[in-house]
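Fold the following and give me the result.
(2 chains)
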Amino acid sequence: MAEHAWILAAVPGIAFIVMAALGRNLPRQGDWLAVLCATSIFGLFFAVLANFLNLGEAAWPVLNSIEWTAIGDFHLRMGIAVDQITIVMLAVITTVALMVNIFSVGYMKGEPRYWWYFAVLQLFVASMLMLVLADNLLLLYVAWELVGLSSFLLIGHYWERRSAVEAAKKAFITTRVGDVGLLIGIILFWEATGTFNILDIIHYVEEGAIGDTRLFVTMMFILLGAMGKSAQLPFHVWLPDAMEGPTPVSALIHAATMVVAGVYLVARMLPVFEAAGALDVVLVIGLLTALFSGVVAFAQTDIKKVLAYSTVSQLGFMFVALGAGYASAGMFHLFTHAFFKALLFLGAGSVIIGTHHHQEMGQLGGLWRKMPITAGTFLIGSLALAGLFPLAGFWSKDEILHAVEGQGTFFFFLISIAAIMTAFYTARLFVRTFLGKPRDEEVASHTRETGPVMTLPLVFLAFMSIVAGFFIFHDFGSAFGFPGGFSEFVFLHYPHAFHVDWGLVGLSTALFVIGTFGGAWFYWNGRLDRSTVMAEWQPKVYEMVQRKFYFDDLYQFLIDRVVLGFSYLVSWFDRFAVNDTGVDGSATMTGYAGFLLKHLQTGRVPNYAMAIAAGVVALTLLSLAVGS
Amino acid sequence: MRDFTLFIPEYIAIAGAIAILATELIWPKIRKDYLAYATAAGALGWLVAAIPYIGDTAGDFEGVLLADDFTTYFRILAAGIVMAIALISAHYMRDRTSTAGEYYGLLLVAGTGMVLMAASRELLTAYISLELLSFSLYILVGYFKRDRLSNEASLKYILLGAFSSAMLLYGISLIYGVTGTTSYEGIAEALAAREGGTDAATVVGIMLIVAGVGFKVSAAPFHMWAPDAYQGAPLPITAFLSTASKAAGFALILRLFTGALVVDAVEWRAVIAALAAITMTAGNLLAIQQSNLKRLVAYSSIGQVGYMLVAIAAIGYGDAATAESASSALLLHIVGYTVSTLALFTALTAHYNRTGDDTIAGLRGLAETQPFLALVITASLFSFAGLPFFAGFATKLLLFQASTTDGLLWLVGLAAANSFVSLYYYLMVMRQMYLFDPPEGQTRFRPAPLLGALAGLLLLGVLFIGVYPQPAFEATDRAASALFEVSASGLLRLP
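Have a look, this model is predicted:
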């Protein structure tokens, strides 16, 4: 089964075609088909996993490819490679996709283009699975663009709303900048090695087939692609705006799966990054992103925006782990984060439905009583994110701290600050949404707990947020499919056995306590709004944070002044020099030639016959002239 | 040896043709679309019967016909084309005629003629098979007796067809006079054994044959009948002309040139290259000027013939390996072209059934009234132009790649430039569909489910060949190597 893991991607792919073609006419607009599809790939994943483990370590990675095309001497093979990293990704994607599909049935009820939403969701799942299964960069790139496309379509699902259209466009164009980098990187690799196959490329690089400078430049381009997709500084701007999409989409695409594609790519090619000496770049970018978005998250007032910046920040954590050279720590945080962040997003979705589309924290508060299940699961997700022992986030953050320890005190200090900030804004989010007294009685009076189709996925994900961290332990991991525990299953050069470092546990808990209680103390009251206190105390600073350090304004300025200014210049040249003389000139000539030729077609049979006869004579003369 | 089992699929086709004619005689009031479905079923039986022949050892019939993988390849192609055309015709013919038995019967007969052209290994058999196809087409083009354009088209086609047949026969007799045989192998041996250089009789003979088959595939300057015939013919027959007729012509050309004339390549290769250059340039330049869709397709298909002739020229210029890969690439291009053309005409017929307008401007706003048809038309036009992800890209790339030899670099360059020109007039069609509002009173409509499904299927075919050409390429490779197995056994290539 492991060598036929492509079926995982094929099932939702077919489901997409069926639903796009017939979805509107199916009973219930085909949502059952989406859930069925998600359930079956969830089941199939376990078949793949069981087979993968049965084959044993000697058979990893499991490969399967076909010859796609042969043009002259150029042979292109396409196929899949299943190794430990892929298995982790498959686990995350199939689980979260199932939860999100079920949740969406409740969330999207009665929304416009219900069938299309589910169809595109399947397209996304198919492309995401293809992305992680691909054994070569070309196929990966195709999938990379396809997930971008489905993300675009889903962010812009409510295209009647201008902000949704703008957000979809922004996400598409911003990631496109990174994607071009990725494409250049892929081409550079192909030029140097003559192959797109990832394992072959790693092999070539380890043999030193590519010069140092060249390799570094190539990896910078690849990293651009990863940064674009994973919303790393300075490409992070699209992710918060992407919250315009339906909330389950944010959970699946913009928290658990697509945005971690960049992390996956870096993890997949980590040996090459290491050989290129590019790890420090990854580390610094990750650290800057983690700190920056942690700060911005303080000043956001929309639940989903807080979660979005939190996601950006956590992706930064993952990059930090990878930059420190620990594939296992990065992938482990990806694994646990997928569950608790999907939980938080779906919880936010539940709040939005329960309060009839209110997501500004200023209008919420006190939801604890009205929505106990949502609040309870949200609390678990928050604590996991903040890093409470022994929830999922604790273990993976611990691994990251452990990884950074070797990088010097300065980096360790900064990542600790970022961890405190995580706990702080998480506390703020939870307190202001669920505790205290309702700020808006009007909203509170309508609030209801959501139905089981939405709360059951929350409960399941809450359960996962509690236990996902235990996969790090040898016995637990072995029992549930990651033999030897996570860090012995996923590794770069050699496995490292996991030991609980009690000093680190203590430190980590201290960070959690400082952040959480700091945040809770700061925001725990129903009397006055501390965020306005902050705004009054330091209005300039507050505004700067709230406006996200003016990144969007800077980009807008660059686009308006620099890009458009340059484009005026180019377009002038294009209009007068290229178009009027070059293009129009040759086009007119061509058209005129056709006009002249047209007169030969008289419509009279004798003329036609004459042409045939003349043609024979001319061809004969030509043949005699050339042949002799 | 008389092995009558070699042509069982064709017996099915002919039996189907007779059955359909008889059905309408006995039961004149039968709904005409039932006849179409019966034809499609017959063609399906024909196709299925052809499948066991894949990979079978080549079987010779009396030294005049050969059933090998090459023949089987065209069998499947012919059956597929007839099936698609019958389905396209179903509503179109039902709404326009009261007798359609001959129409559907002749479709099957014409398809059989196409297979026999591919199977012929002897000049006179090839000629008779060609006439079997041509005569069926003369009638089909003029099927609307009371339509002036249809009449004119048929008459022009018959007169010029007869004229070019005479040339072909004259060429055959000259070759017979020089070599004393009409079998391809015999001709090859005789030409190889000939002493002294070029003789005028052979050259003239070959040129007359080139003119004869050039007329069939509508290579310039033998192409002039094509736009008139395409315009006047019933719409599905226009599709049939531009797929089956051309494929058959190239089947004959491939068999003849690789099997018999290849020994004399010096005498014709420059001519074919020139013919290719003229054909693609004339076709594409003239297409720009058209306002009628059918004429546009006619000229665009003439352009395509120009590209296909590049492969024939490559057979003359290259060594044995080049010749084989060029033949294989040509067969692939024919499939890609056929599927795209059928997709285009399925969509056009669905549009025409509703509006009765066959001008380019008549497509105005189709993207709004029927986005799916607009999509299919766009995809097939992109495929003709050779844009990535569509069949035409992969097949044209392989065709040019396989045909690139030192002597032909200029021709491949010209072909690329021509593809560029072709994009212009394809985009003009898309412009009508996407950038203009539909005419007053035109509302959104649904295409007939049959045509919609067929168009969808063909669209998938266009995309499949474009994205993953390897399976089709393996099939054409088999067919092409069959072609060269025969020629390698009996003939020698001049140094």
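
for the one helix or strand residue A:369 maps to, which positions count as buried?
When elements are defined using DSSP states H and E, residue A:369 is found to belong to helix A:367-370. By neighbour count, and taking 16 or more other C-beta atoms under 10 Å in any protein chain shown as the criterion, the buried residues in helix A:367-370 are A:367, A:368, A:370. To be clear about C-beta, it is placed using only N, CA and C from the backbone, and glycine gets the same treatment.

CA atoms only for the helix or strand bottoming out on mean pLDDT in chain B, dumped as PDB, please.
Within chain B, confidence by mean pLDDT, DSSP states H and E is lowest for helix B:470-490 among all helices and strands, at a mean of 80. This file holds the C-alpha atoms of helix B:470-490, laid out as PDB (Å, rounded to 0.1, in the frame of the first residue of the first chain):
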ATOM      1  CA  GLN B 470       3.600   8.800 -22.800                       C
ATOM      2  CA  PRO B 471       0.800   6.100 -23.200                       C
ATOM      3  CA  ALA B 472      -0.200   7.500 -26.600                       C
ATOM      4  CA  PHE B 473       3.500   7.800 -27.600                       C
ATOM      5  CA  GLU B 474       4.100   4.200 -26.800                       C
ATOM      6  CA  ALA B 475       1.200   3.200 -29.100                       C
ATOM      7  CA  THR B 476       2.500   5.300 -31.900                       C
ATOM      8  CA  ASP B 477       5.900   3.900 -31.400                       C
ATOM      9  CA  ARG B 478       4.600   0.400 -31.900                       C
ATOM     10  CA  ALA B 479       2.800   1.500 -35.000                       C
ATOM     11  CA  ALA B 480       5.800   3.200 -36.400                       C
ATOM     12  CA  SER B 481       8.200   0.300 -35.700                       C
ATOM     13  CA  ALA B 482       5.700  -2.000 -37.600                       C
ATOM     14  CA  LEU B 483       6.000   0.400 -40.500                       C
ATOM     15  CA  PHE B 484       9.800   0.000 -40.500                       C
ATOM     16  CA  GLU B 485       9.900  -3.700 -39.900                       C
ATOM     17  CA  VAL B 486       8.300  -4.200 -43.300                       C
ATOM     18  CA  SER B 487      10.500  -1.800 -45.000                       C
ATOM     19  CA  ALA B 488      13.600  -3.100 -43.400                       C
ATOM     20  CA  SER B 489      12.900  -6.600 -44.500                       C
ATOM     21  CA  GLY B 490      12.500  -5.900 -48.200                       C
END
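
wait, does it make contact with chain A?
Yes. Part of helix B:470-490 sits near chain A under the criterion C-beta under 8 Å from any C-beta of the partner chain, namely B:470, B:473.

picking that back up, closest to residue B:368 among the buried residues of helix A:367-370?
Using C-beta to C-beta, residue A:367 is the member of these that lies nearest residue B:368, at 46.5 Å.

Just give the nearest non-adjacent residue to the closest one, would you?
Residue nearest to residue A:367 in three dimensions, not counting chain neighbours: residue A:434, with 4.8 Å by C-beta to C-beta, 6 or more residues apart in numbering or on different chains.

Please apply the same query to residue B:23.
For residue B:23, the nearest residue in space outside its immediate sequence neighbours is residue B:30; the separation is 6.4 Å by C-beta to C-beta, 6+ apart.

The one you found falls within a helix, correct?
No. Under DSSP: H, G, I helix; E, B strand; the rest coil, residue B:30 sits outside any helix and is assigned coil.

wait, doesn't it sit right on residue B:22?
No. Residue B:30 sits out of contact with residue B:22 when judged by C-beta atoms under 8 Å, with a separation of 11.3 Å.

Which helix or strand contains residue 33?
No chain specified, so I'll use chain A. helix A:31-55.

To clarify, I was referring to chain B.
Counting by DSSP H and E, residue B:33 is part of helix B:32-50.

Quick check: mean pLDDT of that helix?
Over the span of helix B:32-50, the pLDDT mean works out to 94.

go on, stretch A:416-426?
Mean pLDDT, taken over the full extent of stretch A:416-426, equals 90.

Stretch A:24-31 too?
Taken as a whole, stretch A:24-31 carries a mean pLDDT of 84.

need the residues of the stretch 51-200 of chain B near chain A, please.
For the stretch 51-200 of chain B, the residues in contact with chain A (C-beta under 8 Å from any C-beta) are B:155, B:156, B:159, B:160, B:163, B:164, B:167, B:197, B:198, B:200.

what about the chain, any weak spots by pLDDT?
Went with chain A since none was named. Of all residues in chain A, those with pLDDT under 70 make up the ranges A:484, A:491-497, A:524-536, A:627-628.

that answer is for a different chain, and I need it for chain B
Scanning chain B for pLDDT under 70 picks out the ranges B:1, B:196-197, B:486-495.

ranges for the strands of it?
Assigned by DSSP state E, chain B shows strands spanning B:59-61, B:65-67.

Mean neighbour count and distance to residue B:178 added to those, as JSON lines?
JSON lines is the format used below for the strands of chain B (neighbours: other C-beta atoms under 10 Å in any protein chain shown; distance: least, C-beta to C-beta, whole Å):
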{"stretch": "strand B:59-61", "mean neighbour count": "17", "distance to residue B:178": "25"}
{"stretch": "strand B:65-67", "mean neighbour count": "24", "distance to residue B:178": "23"}
